[in-house]
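S.K.: Dropping a prediction and its sequence here:
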Amino acid sequence: MRRLRNVKIVATLGPASNDYEMIRALFEAGADVFRLNMSHGDHDEIRKRHEIIRQIEQELDSPIAILADLQGPKLRCVCVANDHGFDMEDGAAFRFDLDETPGDTTRVQLPHPEIFAALAPGAHLLVNDGKVKLRVETCGADFAECVVVAGGPISNRKGVNVPDVVLPLAALSDKDRRDLEFVCELGVDWLALSFVQRKEDVEEARGLAKGRAAILSKIEKPAAEKAFDEILTASDGIMVARGDLGVELPVQNVPPIQKRLVRKCRAAAKPVIVATQMLESMIESPVPTRAEVSDVATAIYEGADAVMLSAESAAGGYPIEAVNTMNNVAIEVEADPTYHEIMRASRHVKRSSVADGIVASAREIAETTDIKAICCFTQSGNTASLVARERPSVPILALTPLTHVARRLCLTWGTNCFITAGEVSRFKLAVVSAARAAREGGFASEEEQIVVTAGVPFNVQGTTNIIRVAPVAERLIYATEPD
């Protein structure tokens, strides 16, 4: 299905979007990628959602990307037997330790010795999504004596964040490894890796995935932001997970970090998702706040490949309205002349290969003549990603014989993905296939022209080396196009 925008929409599935009718409605409303949150739902539920998505994909003959989001290690404190918990007071002394004795207003168990091993005096602990903040005064292998800097409620199993240190924790828990193997066998397209702190975390996941899914690193830790360049190099894509990032960093730091990370991803031609709390009020309201609309618009103006809905589509009361809102905001923003000015002004890319030159030329030709689309044949998805990096003002048609490549590209800015019938062996056939896709997809009429890029020899990754302005009319292709 052709979208009237370039930015992609990721919709999380959950209790509110768990059946065929709702998932299809979400896709038709504008969702390009469906996120399966492995923190919620068992394998049977995940399998059912996966099957529904693939059924819809087949019925509508349109590739759909599926993103499995691994939970990552969860750090939680154990509190008192009373489920209501208690309030921590500013300035009070408080102790975390490994003692399994039920806690009280002076201490609780923190059953993570790896945290104590990494702590040092002066480090901070954040509890309950940062609502409670404590400073470590003294610590050892099995305890941390703290003072409450900002008090608030604490109860059983509340999450604990440690923003000031790199924890000696693997990004993949035992549960994550089981989930990773399950979803890779199922056939998901992207794996989102939580709690990334270093490039080695990404490399471990890649080794386990064995090429069955692309790896997307979630940036939600200060350590990940500091090591971002190495993490980006090791990853296939990035998610700016602003929820946890905003807990562990001062909230005013998050917008400039978001902007820097989006630009670096674009320069590297790797897709980036801006996520968390984008339309949070639509969990309970059919209408978003003006600030939320501005937040979505800002991510689009920055050049993000995708914006994401979490609880809004997974558990909220208005999932279709939330997707519609994102779709409408994106259409309006991308129609703004200022948007195109920003895309041009931020097009600072170091070009060092033939492929870089080819896609830059394709964009330049398309924007200086009456060209209706850029059509690229791709074996790995790399050519389409390079074209998307240019942020052209005409549609991008990505043609590939490989279903998994088409699905993965559904996350990349501006790509309209087509699965060709078999491999193409001659350039004339490539042009014919591109023209047919442009016509049938409504991107160009027979009287118009397209730009076609490809690599010769065909079906070999990394050989983008040819560009051609071609007519859309098939009879003209056969009259003018050499073999």
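M.R.: Thanks, I have it. Bear in mind the structure is a predicted one, so any value in this text is a computation, not a measurement. Residues are numbered from 1 along each chain as shown.
S.K.: CA only for contacts and neighbour counts going forward, please
M.R.: Will do.
S.K.: end to end, how far does stretch 13-31 reach?
M.R.: 11 Å (Cα to Cα, to the nearest Å).
S.K.: List the buried residues of stretch 123-138.
M.R.: 123-130, 132-138 (16 or more other Cα atoms under 10 Å).
S.K.: And those residues, which two are furthest apart?
M.R.: Distance extremes for the buried residues of stretch 123-138: the farthest pair is Asp129 and Thr138 at 23.2 Å, using Cα to Cα.
S.K.: Is Leu75 in contact with Val162, as I believe?
M.R.: No. Contact criterion Cα atoms under 8 Å: Leu75 and Val162 do not qualify, at 9.2 Å.
S.K.: Looking at those two, which is more packed in?
M.R.: Per other Cα atoms under 10 Å, whichever of Leu75 and Val162 has more neighbours is Val162, with 20 against 16.
S.K.: How much space separates that one from Leu249?
M.R.: 10 Å.
S.K.: With Ala65 instead?
M.R.: As for Ala65, its distance to Leu249 is 31 Å (criterion: Cα to Cα).
S.K.: repeat for Ser346
M.R.: Per Cα to Cα, Ser346 is found 27 Å from Leu249.
S.K.: in the stretch 1-150 of the chain, which segments are predicted with low confidence?
M.R.: By pLDDT under 70, the weakly predicted segments of the stretch 1-150 of the chain are 80-83.
S.K.: mind listing the helices for it?
M.R.: Secondary structure of the stretch 1-150 of the chain (DSSP state H, counting those that start in this stretch): helices at 20-29, 43-60, 113-118.
S.K.: Just the buried residues of the shortest one, please?
M.R.: Within helix 113-118, the residues scored as buried using 16+ other Cα under 10 Å are Ile115, Phe116, Ala118.
S.K.: List the residues that contact the first one.
M.R.: Ile115 makes contacts with Val162, Leu167, Pro168, as judged by Cα atoms under 8 Å, 6 or more residues apart in numbering.
S.K.: which ones among these are found in helices?
M.R.: Residues of those located in helices (DSSP state H): none.
S.K.: Just name the closest of the residues you listed to Leu110, please.
M.R.: Val162 (12.2 Å).
S.K.: wait, what's in contact with the residue lying closest to that closest one once chain neighbours are set aside?
M.R.: Computed as Cα to Cα, 6 or more residues apart in numbering, the closest residue to Val162 that is not its neighbour in sequence is Leu125, at 5.1 Å. Counting by Cα under 8 Å, 6+ apart, Leu125 touches Lys133, Leu134, Arg135, Val136, Val160, Asn161, Val162, Pro163.
S.K.: ok, the first one touching Leu126?
M.R.: Right, Lys133. Yes. Between Lys133 and Leu126 there is a contact under Cα under 8 Å: 4.7 Å.
S.K.: which element is the residue positioned nearest the centre of the chain on?
M.R.: Central residue of the chain (Cα atoms, centre = their mean): Ile273, 3.6 Å from the mean position. Taking DSSP states H and E as the criterion, Ile273 maps to strand 272-275.
S.K.: Summarise which helices and strands that strand is packed against.
M.R.: In terms of contacts (3 or more Cα pairs under 8 Å, 6 or more residues apart in numbering; DSSP states H and E), strand 272-275 is packed against strand 237-241, helix 242-248, helix 254-267, strand 306-309.
S.K.: What count of nearby residues applies to His84?
M.R.: 12.
S.K.: what's the nearest residue to it if we skip its chain neighbours?
M.R.: Using Cα to Cα, 6+ apart, the closest residue to His84 is Ser155 (6.1 Å).
S.K.: I'd like to know how many residues surround that neighbour.
M.R.: Neighbours of Ser155 under the rule other Cα under 10 Å: 19.
S.K.: repeat for Ile477
M.R.: Ile477, neighbours per other Cα under 10 Å, totals 17.
S.K.: how about Leu191, secondary structure?
M.R.: Under DSSP: H, G, I helix; E, B strand; the rest coil, Leu191 falls in the strand class.
S.K.: Let me know whether it touches Asp69 as I believe.
M.R.: Yes. Leu191 sits in contact with Asp69 when judged by Cα under 8 Å, with a separation of 6.0 Å.
S.K.: Compare neighbour counts for those two and give me the winner.
M.R.: Each of Leu191 and Asp69 has its neighbours counted (other Cα under 10 Å); Leu191 has more, 27 against 24.
S.K.: which residues touch the more buried one?
M.R.: Leu67, Ala68, Asp69, Leu70, Leu180, Ala213, Ala214, Ile215, Leu216.
S.K.: can I assume Ala275 is in contact with Asp244?
M.R.: No. Contact criterion Cα under 8 Å: Ala275 and Asp244 do not qualify, at 10.5 Å.
S.K.: Output the helices of the stretch 1-150 of the chain as JSON lines; include the columns distance to Phe418.
M.R.: JSON lines is the format used below for those (distance: least, Cα to Cα, whole Å):
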{"stretch": "helix 20-29", "distance to Phe418": "17"}
{"stretch": "helix 43-60", "distance to Phe418": "12"}
{"stretch": "helix 113-118", "distance to Phe418": "48"}
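S.K.: Relative to Asn328, which of those is closest?
M.R.: Of all the helices of the stretch 1-150 of the chain, it is helix 20-29 that lies closest to Asn328, at 10.0 Å by Cα to Cα.
S.K.: pLDDT on the strand holding Ile273, on average?
M.R.: In this model, strand 272-275 has a mean pLDDT of 98.
S.K.: can you give me how far that strand is from the chain middle?
M.R.: In terms of Cα atoms, centre = their mean, to the nearest Å, the gap separating the centre of strand 272-275 from the centre of its chain is 5 Å.
S.K.: Stretch 183-191 too?
M.R.: Put simply, stretch 183-191 sits 15 Å off its chain's centre (Cα atoms, centre = their mean).
S.K.: Show the end-to-end separation of that stretch, please.
M.R.: From the first residue to the last, stretch 183-191 extends over 9 Å; the measure is Cα to Cα.
S.K.: Now do the buried residues in that stretch.
M.R.: Buried residues in stretch 183-191 (16+ other Cα under 10 Å): Val183, Cys184, Gly187, Val188, Asp189, Trp190, Leu191.
S.K.: got the contact list for the fifth one?
M.R.: In other words, Asp189. Residues in contact with Asp189, defined by Cα under 8 Å, 6+ apart, are Ala65, Ile66, Leu67, Ala68, Arg212, Ala213, Ala214, His404, Arg407, Arg408.
S.K.: Nearest to Pro457 among the helices of the stretch 1-150 of the chain would be which one?
M.R.: When these are compared by Cα to Cα, helix 43-60 sits nearest Pro457, at 30.7 Å.
S.K.: which residues touch Val160?
M.R.: Leu75, Arg76, Cys77, Leu125, Leu126, Val127, Asn128, Asp129.
S.K.: between these, which is nearest Gly14?
M.R.: Ranked by distance to Gly14 (Cα to Cα), the contacts of Val160 are led by Asp129 at 21.7 Å.
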